[in-house]
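Trainee: Quick one, fold the following:
(one chain, ligands or ions: 1)
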Amino acid sequence: MDVKLISYKQIIRSVQGLFLALAPPAGWLLIRWLQGQNVWFEVYQNLGLYLYMLIGSMVVFGCIGWYIGYNETVVGQLSVKDSTTGLFNIRYFRSRLVEEVSTAKRHEISFALIMLDVDSFKLINQQYGHTIGDEFLVAIAETVTKTLRSNEVIARVGGEEFAIILPYCSIEGAKEIAERLRQAVSLIKLPVDEHTFISRTISQGVAVYNKLETSDLLYLRAERALLAAKQQGQGKIVLDEQGEQDNMSNI
Ligand SMILES: Nc1nc2c(ncn2[C@@H]2O[C@H](COP(=O)(O)OP(=O)(O)OP(=O)(O)O)[C@@H](O)[C@H]2O)c(=O)[nH]1
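Mentor: Next up, the predicted model:
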């Protein structure tokens, strides 16, 4: 899983470190002042020493702040990300879906949910092993991420199952995006050796947020649509529009 090279936590902790760096020279000057010394004269006379103390402290405390910020970022990302694909995990996705539902209710807007499942994925593990299976999952995650916009939320919610939130999206928009995903994933050719490449189709269930429903109900509708798609064969897209199902692959 990639960790962001620079995060706002690293910057905040480094700035805190820099402020902390003022403490050693300031503390020393306080002692000198309490001893009855003229601190301005003291600084003037020992400018080199004070600059050395200040810059040294800034470097040390700044680096410590940067390191603490980095660790906080890693821990933060581990709690919301899937370690294999780097996508969001199901725990984060569930809470994000609740947020999206409340935003949609408040502003009376719509959004779509796509559940996506890789067809016959088990065979990849059985024929080539789990490492290649993992590599294929990563390839799917990368392709889906590239195909979607940055405001669209992608998560791995099961072994070979992914979920996507499409903000401000109508049923027609979701239909187009599902079709785009289907085509993009079908182009993946993961090399196993010189002559062997792995390709798979995906099945998708699509549901659009229905006024007043809960996130659980929306998730359930999208999952049911996915199940219907699986039952119809491979590479199918099934739409659940307020309970009404529509097989887009036949359009
Ligand atoms: N490589 C790898 N395999 C996983 C991971 N998590 C789950 N799996 C495997 O994914 C497979 C899922 O199998 P199924 O649910 O039968 O799915 P499928 O073979 O795609 O069958 P259909 O969905 O019916 O097309 C199982 O063999 C799991 O062991 C993982 O993180 N890495």
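Trainee: what bits of the stretch 1-150 of the chain have low per-residue confidence?
Mentor: Counting by pLDDT under 70, the ranges of the stretch 1-150 of the chain that qualify are 1-5.
Trainee: how about the residues of it near the ligand?
Mentor: 84, 117, 118, 119, 120, 121, 122, 125, 130, 133, 134, 137 (CB under 6 Å from any ligand atom). All C-beta atoms are positioned from the backbone trio N, CA, C, and that covers glycine.
Trainee: can I get the residues you listed in TSV with secondary structure and neighbour count?
Mentor: Compiled in TSV, these are given as follows (DSSP: H, G, I helix; E, B strand; the rest coil; neighbours: other CB atoms under 10 Å):
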residue	secondary structure	neighbour count
84	coil	15
117	strand	21
118	strand	21
119	coil	17
120	coil	11
121	helix	18
122	helix	11
125	helix	16
130	helix	10
133	helix	22
134	helix	14
137	helix	21
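Trainee: How about the spatially most central residue of the chain, nearest residue that isn't a chain neighbour?
Mentor: With distances taken as CA atoms, centre = their mean, residue 88 lies nearest the centre of the chain, 4.3 Å away. The shortest distance from residue 88 to any non-neighbouring residue, by CB to CB, 6 or more residues apart in numbering, is to residue 155 (3.9 Å).
Trainee: Against which helices or strands is the helix or strand encompassing that neighbour packed?
Mentor: Taking DSSP states H and E as the definition, residue 155 sits inside strand 153-156. On a contact count with 3 or more CB pairs under 8 Å, 6 or more residues apart in numbering; DSSP states H and E, strand 153-156 meets helix 90-107, helix 130-147, strand 161-167.
Trainee: ok, and which of the ones you listed has the densest surroundings?
Mentor: Ranked by mean neighbour count under mean count of other CB atoms under 10 Å, the helices and strands packed on strand 153-156 are led by strand 161-167, which reaches a mean of 23.
Trainee: Go ahead and measure how far that strand is from the middle of the chain.
Mentor: Distance of strand 161-167 from the chain centroid (CA atoms, centre = their mean, to the nearest Å) equals 12 Å.
Trainee: Renumber starting at 40 from here on
Mentor: Noted, 40 is the first residue going forward, which turns the last one into strand 200-206.
Trainee: before we move on, the earlier item: who are the contact partners of the residue nearest to the centre of the chain?
Mentor: Residues in contact with residue 127 (CB atoms under 8 Å, 6 or more residues apart in numbering) are 119, 120, 121, 135, 192, 193, 194, 195.
Trainee: nearest to residue 214, of the helices and strands packed on strand 192-195?
Mentor: Judged by CB to CB, the one of the helices and strands packed on strand 192-195 that comes nearest to residue 214 is strand 200-206, at 10.7 Å.
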